[in-house]
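Visitor: A structural model of the following input is requested.
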Amino acid sequence: MKYNISTATSKDLHALEGAITEYNVRAEPNLPLAQIFRLDFVAKDDRGALMGGIQAYWVNWGILHVELLYVYEEFRKRGIASMLLQHVEKIAKENNCHLAQLDTFDFQAKDFYLQHGYSIFGVLDNAPKGHKRFYMNKNL
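Guide: This is a model prediction of the structure:
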């Protein structure tokens, strides 16, 4: 069988999303169709300067995914990251999420997440080379 690999179009991606949705419904008919709800927030000072933000989403299967949490260095140690994380966790819980998951690197915020109740469930070594990537979760 011959094939070629090319850049996906939006039509291709839409078809793939439909296919995995159809597969999921057949494989686990008791689950609702997966729906994603964005939780993207920023913190700004009283002059409107961006201090930090969080990018996350929750899936109606009860799972919160934290993609990015960042506070600029000059605004750290003020509780901003904690407030942002707690904000999305609160919204997720209000929407029946029971689990949160994220990943972080050894040079990022592993200890911060541990302090906020996350546990490490997996470690990928040499990602990037010489470092570790930690996969973490938390029961909400």
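
Visitor: On the three-state scheme, the residue most central in space within the chain is what?
Guide: Note on the chain: the residue nearest the mean C-alpha position is residue 66, at 2.4 Å, using Cα atoms, centre = their mean. Classification of residue 66 into helix, strand or coil gives strand, according to DSSP: H, G, I helix; E, B strand; the rest coil.

Visitor: looking at it, it is touching residue 56, isn't it?
Guide: Yes. Residue 66 lies in contact with residue 56 (Cβ atoms under 8 Å); the separation is 4.6 Å. C-beta here means a position set from N, CA and C on the backbone, and glycine is covered the same way.

Visitor: Return the list of strands paired to the helix or strand containing residue 101, each annotated with direction.
Guide: For residue 101, the enclosing helix or strand under DSSP states H and E is strand 99-105. Paired neighbours of strand 99-105 in the sheet (DSSP bridges): strand 63-71 (parallel), strand 132-139 (antiparallel).
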